[in-house]
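Student: I'll drop the sequence and a predicted model, then ask my questions.
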Amino acid sequence: MCLAIPARIVKIIGERAEVDIGGIIKEASIALVKEVKEGDYVLIHTGYAIAKISKEEAEELLEIWKGIS
């Protein structure tokens, strides 16, 4: 089982990106996802973006996370 966290891409630098995870800015690899741009949402797992998701999916997942914590 893996845990992936939704994040918004803030800035792209080659195959890496600064991502916003609930107000915390981290760096992640975007080498595994194609055609992402600043403002897109992705799922992050162990420092890698593993899938592009919609804003609605990201918001729903963030609400679930808030309910758990």
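Tutor: Arrived safely.

Student: only C-alpha atoms for contact and neighbour calcs from this point on.
Tutor: Will do.

Student: Mind listing what's buried along stretch 52-65?
Tutor: Within stretch 52-65, the residues that count as buried by 16 or more other Cα atoms under 10 Å are 52, 55, 58, 62.

Student: Residues contacting that stretch, please?
Tutor: The contact list for stretch 52-65 (Cα atoms under 8 Å, 6 or more residues apart in numbering) reads 6, 7, 22, 33, 36, 40, 41, 42, 43.

Student: hmm, 10 Å instead?
Tutor: Residues outside stretch 52-65 that contact it (Cα atoms under 10 Å, 6 or more residues apart in numbering) are 4-8, 21-22, 30, 32-36, 39-44, 67-68.

Student: List the contacts of residue 24.
Tutor: 7, 18.

Student: any idea how far residue 34 is from it?
Tutor: 24 Å (Cα to Cα, to the nearest Å).

Student: same thing with residue 10?
Tutor: To residue 34, residue 10 is 16 Å away according to Cα to Cα.

Student: Which of the two has more residues huddled nearby?
Tutor: residue 10 (17 against 10; other Cα atoms under 10 Å).

Student: The helix or strand the more buried one falls within: how far from the chain's middle?
Tutor: Element membership for residue 10, per DSSP states H and E: strand 5-13. A distance of 5 Å separates the centroid of the chain from that of strand 5-13, by Cα atoms, centre = their mean, to the nearest Å.
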